[in-house]
Every structure is written in C-alpha cells, then in structure tokens.
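Enquirer: Quick one, structure for this:
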Amino acid sequence: MCHHLLYSLLYVALFAGCSAARGTGLSTAMTTIYIVRHAEKLSSDRDTPLSPVGEARALALADRLAMAEVQRVYATDLQRTQQTVGPLAERMGLAVHVLPAMALDSLVQRVRSVDQGMVVLVAGHNHTVPELVQRLSGVAVDGIPEHVFDRLYRVVLPADGKPEVVVLQYGEPTP
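Expert: Take a look at the predicted model:
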C-alpha cells in the first residue's frame, strides 16, 4: 500500500512539473549551425568542381563533423559547395538542400524557424560565409581570403541568451 501511494505521488509530481514547464512557453531548443566555405576548387570557372585537394578536404569535413549529429545540410547552387558537404550528407543519410548563393535572407529565416533546435551545416563562398555568420549571430567575423579553405564556423543560437561564434579549422591548414 505504501509503494502505491509513493508511486502515485511521484506520478502527480512528474505530471505537474511537465505541465508547468509546458505552460511557460519557453523553448529549451538550441540551434547549432556549422558554416564553411567550399573546399579548394579545380579552376576559376564559375561552376567548377572541387580539385583533388578539395575532395580530400570535403572528406576531412565529414570526419570533423561525424559526431556533431548534423540534421540538415545546405549548399549553394554551385557544385563545389554541394561537393564540399556531400561526403557528410551521404554518411548521415541526409539530402543536400540547394539554395541560390545569394539567398542569405531565405537561409537565415529557414534556419531560425524550420531548423530551430537542430544541428545544421551550410556551405557557402568566401564572400557569403562571414555575412551569413553575422546575420545569424550578430557577431562580425573577419573576411575569408581567396586562398583560405580550412575555416569552420560554429554558430550557437540558444533559445534565450547570447549567440556564440567559434572559429574552428578542419583538414590541412591553409596559410
């Protein structure tokens, strides 16, 4: 009889706690966005694929983020960005969502709404990545020189609180 009463009290306390948390309207969802510039390209053609060095870097990105539990992957409409995130997307069984390179407003809106609470990977270009980091977090980061391909930005957007930006590296260092 005592055990039954104890279980009943625990159930009521658990139910009341869940109801109270649900009634606050506060979300504990934290969104994490990894943002990279595409890996090394084969040529200066507008829609050039990755070079062999770039393909190796794309594999290094997949290795670097293998345990990050990425749930959504975005790339631009140029093949080098898709090829950069392709190995990780394939490894995780995810589709690569393709958007125009300059559709930053659409991407930011989507990440803040549809992807809220998720872990997201975005591949862009040296002129769009710093702007995307700033639009998502409010934090300005340095531009990416044309010869630099190893930067990986982690933008953390807590449900409440200040966004955090961390600059990481992946693959072989570039000068």
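Enquirer: Figure out the helix or strand that Asp63 lives in.
Expert: Assigning secondary structure by DSSP states H and E places Asp63 in helix 52-64.
Enquirer: any idea where the strands of the chain begin and end?
Expert: 31-37, 72-76, 96-99, 119-124, 151-157, 164-169 (DSSP state E).
Enquirer: for the third one, packing partners?
Expert: If I follow you right, that is strand 96-99. strand 72-76, helix 79-92 (3 or more C-beta pairs under 8 Å, 6 or more residues apart in numbering; DSSP states H and E). Glycine gets a C-beta too; all of them are placed from N, C-alpha and C.
Enquirer: for the ones you listed, which one ends up most surrounded?
Expert: strand 72-76 (a mean of 23; mean count of other C-beta atoms under 10 Å).
Enquirer: follow-up on the earlier one: in CSV, list the strands of the chain along with distance to Ala62.
Expert: Shown next, in CSV, are these (distance: least, C-beta to C-beta, whole Å):
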stretch, distance to Ala62
strand 31-37, 11
strand 72-76, 11
strand 96-99, 13
strand 119-124, 10
strand 151-157, 12
strand 164-169, 15
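Enquirer: pLDDT below threshold where in the chain?
Expert: When residues are selected by pLDDT under 70, those of the chain lie in 1-28.
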